[in-house]
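>>> predicted coordinates and the sequence they were generated for:
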Amino acid sequence: MIDALAAFALTAGFVGVHAVFVVFVLLRPRVRQPSSLAWILVILALPVGGIVLYLAVGEVRTGSRRKRRHRTIQSDIRRALQRAWHTASGTAVVPWGTEAIAKLARLGSETEPRKGNRLTLVATGERFLHSLVGDIDRAQDHVHLLFYIYLDDVVGRAVADALVRAEMRGVQCRVLVDNVGSADFLKADLCREMRDAGIQVVAALPTRVTQIASIRFDMRNHRKFAVVDGRIGYTGSHNIASEAFHPKPRFAPWIDATVRIEGPVVRDLQALFIEDWFMDTAENLDHLLAIAPAEHQGGHTVQIVGTGVNSQNEALVRVIQSAVHMAREELILTTPYFVPDEGTLAALTTAAIRGVRTIIVVPERNDSPLVALASRSFYEPLMAAGAEVHEYTKGLLHAKTITVDRDFALVSTANLDRRSFEINFELSTLVYDSDFASQLRLLQMRYLEDCRQVDAALWSARRWPVRLAENAAGLVSALL
C-alpha cells in the first residue's frame, strides 16, 4: 500500500511539474508564441531533458544587470551619435515605394538612410582579404574589427600581420570577436602574439557556467564588420577565415558577400562598434563619432540596421517581410540557413502567387543536418505557390542577400532563421539604389549558374522516410 501511494505521489508530482512548465510556456509573450508549441512537444517528448533544454535555451535571458547596462550604453551612444549627425547632411530621401522599409528600419535601430556612400561589392575571400589588408596598411588613426569567427589560418594571420604593422605605426587596433565563434582563436598562439604586439583583442559575450540560470549561454554576437579611421567600413557575411574554413573542410569553399563602404553611413557602423566594445570592455570611445566621413557626389543611399536581444530585434524580420511585399517583378534571396517564421513564409508564398518571380537560393549541402532537414520541409509550400528553390552545388553558399526588382538590396550578417531574428546580435545593410541592386543581382545570378533547381514533381515523389524526417524537423524549426 505504501509503495502504491509513493508511486502515485511520484507520478502526480512528475505530471504536475510538466503541467507547470506547459502553463509557463503558454504564458509567454505573444511575440514568442510561435515557438511555444514546439517547446511543449519537446517537454512532453523528453520528460527530463526537455525541461533542462527549456531552462537552458527556452527564453532569451540576458541577465537583468547586463540588460540595464546595455540599455544605458546604447542610449548614451545613440545620443552621442545624434549630436554628431546634428551638424551633418542628415537624412536622405529614399526612392518612392521604399519609405515603409526605411521607417521600419529606423524604428529598430534609430538610424537614418544616408546619402553619398561609395560602395564596392566584394564577392570572394581573396578580394576581401586583399582589400581589408590594404586599408589596414593605409590606416592612420585606428582600426576596429568585430567578427563572429576569427580563425588562426592564412587569412587570420595575414590580417594579424597587417594589424601588427599598424600598431607599429602608432595606429590603435581593437579586435572584438565572439567568445564561442572564435573560441579556438582566443586560445591560440596567434591571439597571444597579437596582444603582445599591443593589439587589444577582446571576447564578446563571455559565458560562464555560473551564469546559465540568468543569461542564455548561446546568445551570440554574430556581427561581422570593420571600421578603418572612421571613414571606411566593411560588412557582410565574410568572417576572418579562408574559404577553405578548416573547422568544416568537407563543406568548403565558403561563399560570401561583403560590402566595402566609404561615406557618411560609416559613422553608424562606428557607433555599433563603440556600443559593443563599451559593453565588453567598459571603454567609451564615443569621441570617435566626431569623425565625419566624406559624402561622395553621386553616391548611394544606405541605411545600417543593428539588431540584438536588447534592441527591437523584430525590426529585421519586418524589414525583410516588407521588402518581399514590395516586390512587383522579381525577388531573389540567398541564405545558408533557411528556417523562416510563418509570417516570412506567408510573405514569400504570397509574392509567388502574385506573379513575382520568387527565387530562394540555399546550399545543397549544409553543415547543420537538422537545419538542412527543417529547411527542406518548407520547399513544398514554396514550390506549390510558384516559387523557385535552387540548391548551390559548389560549396556552402554563406552569403545573406536580397534583391527586389533591381531597385532595393540587402546584405546582412543574419540568416533567415529565428536565431538571427530573436537571439543573435546582427547587422544589415540596406541599399536604396538600382545600380547597386543590379550589381548584387548579377552576383546572385552567378550563384544560380552553380545551382540545381529543385524539381517540384520529383520532390513530391521522394520516399516517405525522407519526408517524415524533414517534417519532424520542421515541427521544431521554431527552436532553430
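Received, thanks. Numbers count the residues shown, from 1 in each chain.
>>> just the helices in the stretch 51-200 of the chain please.
64-86, 99-109, 125-137, 154-168, 183-186, 189-196 (DSSP state H, counting those that start in this stretch).
>>> now do the fourth one against helix 189-196, angle only.
Using axes from the mean of the first three to the mean of the last three CA atoms, to 10 degrees, the interaxial angle of helix 154-168 with respect to helix 189-196 works out to 10 degrees.
>>> determine how far helix 154-168 lies from the middle of the whole chain.
Taking the mean of its C-alpha atoms, helix 154-168 sits 26 Å from the chain's own mean (CA atoms, centre = their mean, to the nearest Å).
>>> residue ranges with poor pLDDT in this protein?
Applying pLDDT under 70 to the chain flags residues 1-46, 48-64, 87-91, 208-217, 310-313, 475-480.
>>> next, give phi and psi for the most centrally placed residue in it.
What sits nearest the mean C-alpha location of the chain, by CA atoms, centre = their mean, is residue 414, with 2.2 Å. The phi/psi pair for residue 414 (degrees, to the nearest 10) reads phi -90, psi 140.
>>> quick check: it touching residue 223?
No - counting by CB atoms under 8 Å, residue 414 sits too far from residue 223 to count as a contact (9.3 Å). For the C-beta atoms, the positions are set from N, CA and C on the backbone; glycine is no exception.
>>> which residues are common contacts for the two?
426, 427 (CB atoms under 8 Å, 6 or more residues apart in numbering).
>>> OK, contacts around residue 395?
243, 251, 252, 253, 254, 255, 363.
>>> chain neighbours aside, what residue packs nearest to the third one?
Nearest non-adjacent residue to residue 252, counting by CB to CB, 6 or more residues apart in numbering: residue 244, 4.9 Å away.
>>> before we move on, back to that, mind putting the helices of the stretch 51-200 of the chain into a markdown table with distance to residue 418 and mean neighbour count?
Shown next, in a markdown table, are the helices of the stretch 51-200 of the chain (distance: least, CB to CB, whole Å; neighbours: other CB atoms under 10 Å):
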| stretch | distance to residue 418 | mean neighbour count |
| --- | --- | --- |
| helix 64-86 | 20 | 15 |
| helix 99-109 | 16 | 19 |
| helix 125-137 | 28 | 18 |
| helix 154-168 | 30 | 19 |
| helix 183-186 | 23 | 18 |
| helix 189-196 | 32 | 16 |
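>>> as JSON lines, these with distance to residue 472 would be great.
JSON lines is the format used below for the helices of the stretch 51-200 of the chain (distance: least, CB to CB, whole Å):
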{"stretch": "helix 64-86", "distance to residue 472": "35"}
{"stretch": "helix 99-109", "distance to residue 472": "34"}
{"stretch": "helix 125-137", "distance to residue 472": "36"}
{"stretch": "helix 154-168", "distance to residue 472": "38"}
{"stretch": "helix 183-186", "distance to residue 472": "31"}
{"stretch": "helix 189-196", "distance to residue 472": "41"}
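>>> which of those sits closest to residue 379?
Closest approach to residue 379 among the helices of the stretch 51-200 of the chain (CB to CB): helix 99-109, 27.1 Å.
>>> quick one on the thing from earlier: so who does the residue nearest to the centre of the chain touch?
Contacts for residue 414 (CB under 8 Å, 6+ apart) come out as 222, 307, 316, 400, 420, 421, 424, 426, 427, 428.
>>> surely the first one is in contact with residue 413?
Yes - between residue 222 and residue 413 a contact is recorded at 5.6 Å, counting by CB under 8 Å.
>>> quick one: which of these two has more around it?
residue 413 (27 against 22; other CB atoms under 10 Å).
>>> next one: residue 288 from residue 430, what distance?
23 Å (CB to CB, to the nearest Å).
>>> same question, residue 417
Taking CB to CB, one finds residue 417 at 19 Å from residue 430.
>>> what about residue 288 and residue 430, which has more around it?
Neighbour count, other CB under 10 Å: between residue 288 and residue 430, residue 430 has more, with 26 against 21.
>>> so that one, which state does it fall into?
What DSSP: H, G, I helix; E, B strand; the rest coil gives for residue 430 is strand.
>>> many thanks, I have nothing further to ask.
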